[in-house]
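A.B. asks: Okay, predicted coordinates and the sequence, questions at the end:
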Amino acid sequence: MSGFAVRGWCPDAWRPMAAGDGLLVRVKPRLARLTQRQLHGLCEVSLAHGNGLIDLTNRGNLQLRGVSDAAWPLLIERLIALDLVDVDPDMEQRRTFLVAPDWRVGDDTHRITGDLLARLDAVPALPGKIGFVIDAGPEPLLRDAPGDFRIERSGEGALILRLDGRTAGTELSFGDEASALVRLARWFVESGGLTAGRAARHDAALPDWAPAQLPPAAGGAPLRPGPHALGAVLGVAFGQLDARQLLGGGMDNLSPVRVTPWRMLLIEGAAPVDLALITDPADPLLRADACVGAPACPQATVETRTLAARLAPLVTGRLHVSGCAKGCACARVADVVVTGREGLLDLAFAARAGGTPAHAAHTPDALLSLFGTT
Ligand code: SF4
């Protein structure tokens with residue numbers, strides 16, 4: 001793998017990260033939206049230069065898998081031509097925004113994101129894990145989503161600027177929101193925030209112009225598979241799309257698509273076509289998290305997603321199958337947790353990956369038998 005691939009780095013298209021199945025190339029669609037042409041093109045380049053698998057990330061981005069070092073330069077060229085990657089790596093890195101995916105043209109989320117994109121060169125250089133959240137709809141959707149500098153609604157409906165980790169934000173005037181975001185990001189850098197690493201860990205006193213005045217509103221219900229005012233929401237099992245399936249499932253008839261941070265796609269307008277995605281909000285796969293596991297991750301010694309798909313209907317509550325104790329797919333406690341260890345599986349309850357097992361060192365079949373399979 002190439003020398004620029006650094007494990008632990010938050011990757012983007014210009015700085016891909018090496019995984020067991022090749023480079024991971026992250027794509028950050030503007031306003032979390034892919035036109036039909038972009039989605040079609042993305043599937044084509046994924047098949048031509050990667051392994052055809054595309055991950056949805058918890059920041060509303062996409063990640064092409066299985067890209068070789070040799071294929072990467074051509075892939076980048078094609079992603080730039082699709083207007084999915086900025087030609088300037090520095091600008092690409094600064095464009096780390098998470099946007100409420102249910103925006104409408106001309107609403108506050110759309111307007112503020114456009115303003116921020118227009119002043120990208122004023123955004124300070126920040127590590128890839130640090131980003132902006134623009135969640136300005138009438139009902140907040142991204143309260144639990146990661147992001148350091150946040151535009152949200154207060155309980156009274158005002159737009160506020162809030163540093164992640166602080167309980168309240170500053171009321172903003174119409175039109176000032178993007179410049180306030182940039183100003184807060186600059187303050188973060190100047191006040192030593194990069195040493196803390198993330199806004200939630202930065203305990204410096206807020207600047208006088210950004211007092212913590214108004215608490216954010218409670219979060220609204222997250223999107224679920226089914227009809228939506230903008231079209232339809234479809235779930236994506238384990239957050240992984242298969243480009244071959246998408247292209248074979250009537251992609252040419254598909255409307256533009258919004259990427260969400262919840263392993264779901266919001267299809268604009270047209271009724272969903274046969275894309276082998278989740279349409280039933282009660283589908284047990286929506287309650288299951290599983291990382292890529294072996295062989296895609298070199299730290300995994302077990303396969304994860306086939307097992308998770310078999311276990312999910314047998315489990316009550318949330319299921320987490322993790323290739324190792326790192327627990328990439330889910331940082332929270334889950335009701336049932338299976339963790340790979342030296343080629344076998346540990347089973348724990350109400351735990352995180354690697355939690356103390358109630359049953360240790362099982363094969364997949366032995367583990368499944370604990371849930372009543374024969
Ligand atoms: S949890 Fe472990 S096995 Fe799974 S993706 Fe993360 S590092 Fe790899």
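C.D. replies: Happy to help now that I have it. All values derive from a computational prediction rather than experimental measurement.
A.B. asks: excluding its backbone neighbours, what's nearest Asp115?
C.D. replies: Nearest non-adjacent residue to Asp115, counting by C-beta to C-beta, 6 or more residues apart in numbering: Ala178, 3.5 Å away. Bear in mind the C-beta positions are built from the backbone N, C-alpha and C, glycine included.
A.B. asks: which SS class is that neighbour?
C.D. replies: The local conformation at Ala178, judged by DSSP: H, G, I helix; E, B strand; the rest coil, is helix.
A.B. asks: Please report the distance of it from Arg111.
C.D. replies: 9 Å (C-beta to C-beta, to the nearest Å).
A.B. asks: what sits against the residue in the stretch 251-374 of the chain positioned nearest to the ligand?
C.D. replies: With C-beta to the nearest ligand atom as the measure, Gly323 is the residue of the stretch 251-374 of the chain nearest to the ligand, at 2.6 Å. Gly323 makes contacts with Cys291, Val292, Gly293, Ala294, Cys297, Gln299, Ala300, Thr301, Val302, Thr304, Gly340, as judged by C-beta atoms under 8 Å, 6 or more residues apart in numbering.
A.B. asks: pLDDT score assigned to it?
C.D. replies: Model confidence at Gly323, given as pLDDT, is 96.
A.B. asks: Low-confidence stretches in this structure?
C.D. replies: Residues of the chain meeting the criterion pLDDT under 70: 1-9, 250-253, 270-274, 374.
A.B. asks: Among the contacts of Gly323, which lie within helices?
C.D. replies: Counting by DSSP state H, no part of the contacts of Gly323 is found in helices.
A.B. asks: which ones among those are found in strands?
C.D. replies: Under the assignment DSSP state E, the contacts of Gly323 contribute Gly340 to strands.
A.B. asks: could the contacts of Gly323 go into TSV alongside distance to Pro127 and neighbour count?
C.D. replies: Output for the contacts of Gly323, formatted as TSV (distance: C-beta to C-beta, whole Å; neighbours: other C-beta atoms under 10 Å):
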residue	distance to Pro127	neighbour count
Cys291	23	25
Val292	24	24
Gly293	27	26
Ala294	29	17
Cys297	23	19
Gln299	22	16
Ala300	26	21
Thr301	30	17
Val302	31	21
Thr304	28	27
Gly340	29	26
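A.B. asks: Distance to Pro11 added to the contacts of Gly323, as TSV?
C.D. replies: Converted to TSV, these look like this (distance: C-beta to C-beta, whole Å):
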residue	distance to Pro11
Cys291	16
Val292	14
Gly293	19
Ala294	21
Cys297	14
Gln299	16
Ala300	18
Thr301	24
Val302	24
Thr304	21
Gly340	23
